[in-house]
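In: sequence and predicted structure are below.
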Amino acid sequence: MRTIYQPPKSQAVSANLCEACLEKQRQIDRLKEEVARLRIQLSRKKRQDKAGYWGASTPSAQQPLKANSPEAERNKQGGAKPGHRGNGRSAHSTREAEEVHQVKTSEELCPQCKVGLWQRGYRQRSVLELDPIKVKRIIYQLERRSCPQCERYFQATAPGVLPHSLLSNNLLIEVAESHYLQGIPLARVSERLGVNYGTVVEALHRMAAIFKPTMEQLKADYRSSQVRHADETSWRCDGQNGYCWLFTSDSVSLYLYRATRSAKVVQEVFGKQLLGGSLVVDRYQAYSRAPCRVQYCYAHLLRDLKDTQTEFSDEPEVESFTSTMIEKLAHAMRLSANKTMEDQEYYREARELKRQILVACQEASQHLAIKRWQDFFVEEEEKLYHWVEDRRVPCENNRAERELRPTVIARKVSFGSQAEEGAKTREVLMSVLHTLKKRVKQPRQRLKEVLDKISQVPELESGALLFAADSS
């Protein structure tokens, strides 16, 4: 059978010269792009409907739908394991007790036998009691004397009271701790103590003015720290939007309340001189102005990767890449939090984990979402792996997140500050109280001692007295 070959085509055969066909192809391309865009929007909408507006970062209180507990968890029995005897409740001895009370029985005769009861000694029962907080009204009669020659007057000073203050130092510290450490609204504190609200506010303003000079010392101490953390959250002041900035380390908690979220707040704290050490933050660009090394938080990256995984759940390539990266980042956070591992083993495992992350980000990929993440881990390498070279630097920002959480709760309870002066007072007293709690074993006693000394000699420097012996 004779084979019939097709005649050769010209070079222009691949070009479709039909105008109608070209228009159809353009319409097909537009529809494909629209379908892809709508699929992405639909996937994002499904994720928001399930997890909330911010995806994995959505607070639990704002999640529209919370899944029920897994069946395996529901079948677990609560309480102690079978056979566990337990430790029981610890009792204090007679020597440890502040008070010992003997309680007599009300029965003298047996109600059944009508005979007198024998004495069988006492059974001890340990109880923890609370003395109710009661504000006492005290009058100090201050002796006055004068010189018979120059007629100069001398007057005694009331002990434990600041000049021109109605509240004693002990009561003032109770108010400050209740409000700024425990997060109780100031109106509730005033009501509980039976003190006028305006009197409490003025007393706190006066206390903040005493400790305001210590803010510069805290900034200097923060700059000298080798490992620093920073974060910010919204805080309204006088009905206007604002922010609470937290700059924290092992020995410093610096709170700043500002009306802006710009990088000038970071420059105010860090200054312009190049600093050693590292700063652990999220990816907010304002922190890039800090004159030191920056370590990005892996917890934020992990949540964003989970959002990408959920958004493209029907893409096997995205699922494979995000699962690998989520596993590596979670492993890095567990390794960074392990304080019992030997240094040699830690650095060997950390370098191997870094190599695996870089290898995963250099593999060939087709999906744009994967390319975006791969480019990020390669381009931002100098901000991602300081924890590998120095184990003192964590790869997560949990310290700042934990310390900022009480402020978030206070914002929900008190709705911010009523005036600029209140925000400045909160700024000073929050910084002083939280820093003192980190440095001193008995912060309340130290604060009382400092206020008592300033009550006698107002010219004393508060910062030198507060942090004179940080190891005590």
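Out: Ah, there it is. None of these values were measured; they are calculated from a predicted model.
In: state the distance from residue 468 to residue 428.
Out: Separation of residue 468 from residue 428 (Cβ to Cβ, to the nearest Å): 19 Å. For the C-beta atoms, the positions are set from N, CA and C on the backbone; glycine is no exception.
In: so these two - more neighbours on which side?
Out: Neighbours were counted for residue 468 and for residue 428 using other Cβ atoms under 10 Å; residue 428 has more, 24 against 12.
In: that one falls within a helix, correct?
Out: Yes - assessed by DSSP: H, G, I helix; E, B strand; the rest coil, residue 428 belongs to a helix.
In: nearest residue to residue 390 other than its sequence neighbours?
Out: residue 278 (7.2 Å; Cβ to Cβ, 6 or more residues apart in numbering).
In: and if you look at residue 284?
Out: Excluding its sequence neighbours, the residue lying closest to residue 284 (Cβ to Cβ, 6+ apart) is residue 232, at 7.6 Å.
In: ranges for the strands of the stretch 51-200 of the chain?
Out: Using DSSP state E, counting those that start in this stretch, the strands found in the stretch 51-200 of the chain span residues 144-146, 153-155.
In: can you add distance to residue 386 and mean pLDDT and give the ones you listed back as CSV?
Out: What follows is those, written out as CSV (distance: least, Cβ to Cβ, whole Å; pLDDT from 0 to 100):
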stretch, distance to residue 386, mean pLDDT
strand 144-146, 64, 88
strand 153-155, 60, 85
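In: any chance of these in a markdown table with distance to residue 253 and mean neighbour count as columns?
Out: Output for the strands of the stretch 51-200 of the chain, formatted as a markdown table (distance: least, Cβ to Cβ, whole Å; neighbours: other Cβ atoms under 10 Å):
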| stretch | distance to residue 253 | mean neighbour count |
| --- | --- | --- |
| strand 144-146 | 44 | 10 |
| strand 153-155 | 39 | 9 |
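In: adding distance to residue 46, write those strands out as a markdown table.
Out: A markdown table is the format used below for the strands of the stretch 51-200 of the chain (distance: least, Cβ to Cβ, whole Å):
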| stretch | distance to residue 46 |
| --- | --- |
| strand 144-146 | 79 |
| strand 153-155 | 75 |
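In: contacting residues around the helix or strand that contains the residue nearest to residue 284?
Out: For residue 232, the host element (DSSP states H and E) is strand 227-234. Applying Cβ atoms under 8 Å, 6 or more residues apart in numbering, the external contacts of strand 227-234 come out as 222, 241-250, 261, 266, 277-282, 284, 287, 290, 292, 392-394, 397, 399-401, 404, 407-408, 411.
In: show the buried residues in those.
Out: 222, 242-249, 266, 277-282, 287, 290, 292, 393-394, 397, 399-401, 404, 407-408, 411 (16 or more other Cβ atoms under 10 Å).
In: among the residues you listed, which ones are in helices?
Out: 222, 266, 399-401, 404, 407-408, 411 (DSSP state H).
In: enumerate every residue touching residue 19.
Out: By Cβ under 8 Å, 6+ apart, the contact set of residue 19 is empty.
In: can you list the domain ranges for this structure.
Out: 212-294+398-431, 298-389 (automatic domain parsing).
In: give the bridge partners for the residue lying closest to residue 401 once chain neighbours are set aside, please.
Out: Spatial nearest neighbour of residue 401, chain neighbours left out: residue 231 (6.4 Å); criterion: Cβ to Cβ, 6+ apart. Beta bridges link residue 231 to residue 246, judged by DSSP bridges.
In: give me the contact list for whichever strand or helix holds residue 350.
Out: Secondary structure from DSSP H and E places residue 350 in helix 343-362. With contact meaning Cβ under 8 Å, 6+ apart, helix 343-362 is reached by 321, 324-325, 328-329, 331-332, 335, 338, 341, 373-374, 377-378, 381, 385, 387-389, 391.
In: so residue 443 makes contact with residue 434?
Out: No - at 9.3 Å, residue 443 and residue 434 do not qualify as touching, with contact defined as Cβ atoms under 8 Å.
In: in this structure, which helix has the most residues?
Out: The chain, longest helix under DSSP H: helix 19-51.
In: now the strand holding residue 232: buried residues?
Out: Neighbour-count burial for strand 227-234 [16+ other Cβ under 10 Å]: 227-232.
In: and what of stretch 34-50?
Out: Buried-residue list, stretch 34-50, by 16+ other Cβ under 10 Å: 43, 47.
In: show the pLDDT at residue 291.
Out: Reading off the confidence values, residue 291 has pLDDT 93.
In: and it, its phi and psi?
Out: Main-chain dihedrals, residue 291, degrees, to the nearest 10: phi -80, psi 50.
In: now do stretch 133-146: distance to the chain's middle.
Out: Taking Cα atoms, centre = their mean, to the nearest Å, one finds the center of stretch 133-146 at 42 Å from the center of the full chain.
In: can you give me the end-to-end span of that stretch?
Out: End-to-end distance of stretch 133-146 (Cα to Cα, to the nearest Å): 40 Å.
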